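Engineer: Sequence first, predicted model second:
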Amino acid sequence: MKKTLLSLAAATVVTSMPVLVHAEDANPLSFNVSLTTDYRYRGISQSRLKPALQGGADYALPNGFYVGTWGSTISWIKDAGTITGVDTGSAPVEIDFYGGYKGEIQKDFTYDVGLLQYWYPGNHLANIAKNANTLELYGALTYGPFTVKYSHSLTTLFGTVDSKGSGYLDFSATFDVGNGFSVAPHIGHQKVKNWSDGSYTDYSLTVSKDAAGFTWSGAIVGTDAKHDTGVGGVFAYPSPSGKNLGRNGLVLAVKKTF
């Protein structure tokens, strides 16, 4: 079975991953919970273009080190089994564990390095490809509102065969436009090693508003993910019904941090 179909939406937030607590915050421990109309990760839907429930916790030490965890409901692993007719396990959730160090080079110029483990409990994706669990090393530089980040897979990438050493480079910014509103443009490129049809560019534009103790957001999300020429022209990241999980769409979300 072609690895392109087997890995499904794994090369996979727009609205998903938590914002790490800064060491100077009064309370270094924070929690977050959110509801989104679609869990998009690196532009690819992890929830079959349907809503997802998410949440996490972060702890930042005074010396710059931090640890955290985050989770979301997903469907792509079970969907891979539906498409291929093989038991891949239900694996209805993704649970992430991460830790790293954030420091300042000079005023308004910071760096962030760390490790991120993606864990899919109960996944049997190895029945058709490789285990979905993935470990990435990441590094980021932020200057003012602008951030550039690179993530490098130390294992196979989300179950894709022979994909160890894949990389994701993204550029983003967050602009405070007043009255509680912020605008965040983003563009990134996922290179999947040994699978050219699975490599793609994703982009988004998110508008957020803090109101009534919540963060409300809307994002235009899309990718240039194409058909996989190796499996008869189907999408590289398909749903069981044949939809493109990287298609353009609007993602709405509400988040509470406490």
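Structural biologist: Looks like it arrived, so ask away. Numbering: from 1, shown residues only.

Engineer: how close does residue 65 sit to residue 114?
Structural biologist: Separation of residue 65 from residue 114 (Cβ to Cβ, to the nearest Å): 9 Å. To be clear about C-beta, it is placed using only N, CA and C from the backbone, and glycine gets the same treatment.

Engineer: shared neighbours, these two?
Structural biologist: Common neighbours of residue 65 and residue 114, using Cβ atoms under 8 Å, 6 or more residues apart in numbering, are 99, 100, 101.

Engineer: Pull out the buried members of the residues you listed.
Structural biologist: The neighbour-count test (16 or more other Cβ atoms under 10 Å) marks residue 100 as buried among the shared contacts of residue 65 and residue 114.

Engineer: shaky segments in the stretch 151-258 of the chain?
Structural biologist: Flagging of the stretch 151-258 of the chain using pLDDT under 70 yields the residue ranges 231-233.

Engineer: Look through this protein and tell me its longest strand.
Structural biologist: For the chain, the longest strand by residue count, based on DSSP state E, is strand 93-106.

Engineer: following that one, which helix or strand comes up?
Structural biologist: Counting by DSSP states H and E, the element after strand 93-106 in chain order, helix or strand, is strand 109-119.

Engineer: which helices and strands does that next one pack with?
Structural biologist: If contacts are counted by 3 or more Cβ pairs under 8 Å, 6 or more residues apart in numbering; DSSP states H and E, strand 109-119 sits against strand 93-106, strand 134-143.

Engineer: can you give me the strands in the stretch 151-258 of the chain?
Structural biologist: For the stretch 151-258 of the chain, strands defined by DSSP state E, counting those that start in this stretch occupy the ranges 167-173, 175-178, 181-191, 200-211, 214-223, 249-257.

Engineer: do you know which of these lies nearest residue 160?
Structural biologist: Smallest distance to residue 160 across the strands of the stretch 151-258 of the chain (Cβ to Cβ): 10.8 Å, for strand 181-191.

Engineer: Tabulate the CA atom coordinates of the closest one in CSV.
Structural biologist: Provided in CSV are the C-alpha atoms of strand 181-191 (Å, rounded to 0.1, in the frame of the first residue of the first chain):
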residue,chain,number,x,y,z
PHE,A,181,-8.2,42.4,18.2
SER,A,182,-5.1,40.8,16.7
VAL,A,183,-4.2,39.7,13.2
ALA,A,184,-1.9,36.7,12.5
PRO,A,185,-0.7,35.8,9.0
HIS,A,186,1.2,32.6,8.5
ILE,A,187,2.9,30.6,5.8
GLY,A,188,4.8,27.3,6.2
HIS,A,189,6.2,24.5,4.1
GLN,A,190,6.1,20.8,5.1
LYS,A,191,8.8,18.7,3.3
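
Engineer: Might you report the residue contacts of residue 148?
Structural biologist: By Cβ under 8 Å, 6+ apart, the residues touching residue 148 are 140, 141, 169, 170, 171.

Engineer: does it have beta-bridge partners, and which?
Structural biologist: Residue 148 has these beta-bridge partners by DSSP bridges: residue 141, residue 171.

Engineer: now do the one 5 residues further on
Structural biologist: Applying DSSP bridges to residue 153 gives these bridge partners: residue 136.

Engineer: ok, now residue 176?
Structural biologist: residue 182.

Engineer: Go ahead and confirm it touches residue 207.
Structural biologist: No: the criterion here is Cβ atoms under 8 Å, and residue 176 misses it with residue 207 at 11.9 Å.

Engineer: circling back to that earlier point, can you redo the helices and strands packed on strand 109-119 as a markdown table with mean pLDDT and distance to residue 199?
Structural biologist: As requested, the helices and strands packed on strand 109-119 are exported to a markdown table (pLDDT from 0 to 100; distance: least, Cβ to Cβ, whole Å):
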| stretch | mean pLDDT | distance to residue 199 |
| --- | --- | --- |
| strand 93-106 | 98 | 22 |
| strand 134-143 | 98 | 16 |
